[in-house]
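In: can't give you the sequence, but here's the structure:
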């Protein structure tokens, strides 16, 4: 099985157990192939946890779920040194925390205090942690999918902008359509029947080896990005930093634009999108397809924009409308 066939099989298998959330699955696949972390935002009950479990199960990878709460400590995430008796002597041994997995679900990340958030985000950025002077590396396959609820912000610790910037993309998860939700009812009912009769509610598809993901990443490195596309990406990023040069109204909406990480993430995810579409080169459509997920959490809007009810996606729509598309 080639890398492309394996990734297509992974997406298909996930879609059989996650109905009505094709865009969520697509963005998760993009994050996996781009070797970046995702911030998932939605109301409760929209299959975020189920989607992460489905990816880990079909990918033959170890999933770890961390439920963030206000009383959580950094060591609860990273692990700590534990005293053991060995040969009649007291010896400290490192006990790995739940961060040492392949697919990490950081549930309600904004409910944990800043120290815990920083511990997780350090592991995300550095791909390693240091405990008692010893460095411990993350697994080769390592992706964090953090969730947060856009409502009920009382008692939460919103992620600061510098930490939001560490996420490759921010994915907004919406309700499925009516027909899809009817399919969800049938799917859940079938799983309940299978469980009650002693059967298995698990999918029967073959698991995808992580090596296929690494092969896909190597192929994605070879996707060609023309100079005109690079200029287009940088023009979009520049428009977030100097919006008044493009439009006076846009200038009243954006307070702070995207960082260089934003440009890097947009180029990387555009290559992934081109690869998924079967193209050997990036087109403007690939860039436009990835712009919202990459940029929406990297923009700080002005008070005027908030007062007018303007959201980041509307600002990005305006930028894509104003920036010239290369021929």
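Out: Nice, thanks for sending it over. Quantities reported herein were computed from a predicted structural model and do not represent experimental measurements.

In: For the rest of this, base every contact and every neighbour count on C-alpha atoms.
Out: Will do.

In: now do the same end-to-end measure for stretch 319-327.
Out: With C-alpha to C-alpha, to the nearest Å applied, stretch 319-327 spans 18 Å between its terminal residues.

In: do stretch 196-213 as well
Out: 35 Å.

In: State the next helix or strand along the chain beyond the longest helix seen in the chain.
Out: Assignment by DSSP state H gives helix 178-196 as the longest helix of the chain. Using DSSP states H and E, the helix or strand that follows helix 178-196 in sequence is helix 210-221.

In: residues in contact with that next one?
Out: 2-4, 6-7, 32-34, 59-61, 141, 271-272, 275 (C-alpha atoms under 8 Å, 6 or more residues apart in numbering).

In: Only the buried residues of the longest helix of the chain, if you could.
Out: 184, 187 (16 or more other C-alpha atoms under 10 Å).

In: related to what we said a few turns ago, who wins for most neighbours among the contacts of helix 210-221?
Out: With neighbours taken as other C-alpha atoms under 10 Å, the top of these is residue 271, carrying 30 neighbours.

In: My guess is that one contacts residue 229. True?
Out: No: contact criterion C-alpha atoms under 8 Å: residue 271 and residue 229 do not qualify, at 10.9 Å.

In: From residue 145, how far off is the residue nearest the centre of the chain?
Out: Geometric centre of the chain, nearest residue: residue 38, 1.4 Å, by C-alpha atoms, centre = their mean. Residue 38 is 5 Å from residue 145, where distance means C-alpha to C-alpha.

In: Show me the helices in the stretch 1-150 of the chain, by range?
Out: For the stretch 1-150 of the chain, applying DSSP state H, counting those that start in this stretch gives helices covering 3-17, 22-34, 48-58, 74-78, 114-126.

In: quick one: which of those is nearest residue 182?
Out: When the helices of the stretch 1-150 of the chain are ranked by proximity to residue 182, the top entry is helix 3-17, at 13.4 Å, counting by C-alpha to C-alpha.

In: Which residues does that closest one contact?
Out: Residues outside helix 3-17 that contact it (C-alpha under 8 Å, 6+ apart) are 21-22, 25-26, 29, 51, 54-55, 58-59, 187, 203, 205, 208, 212-213, 215-216, 276.
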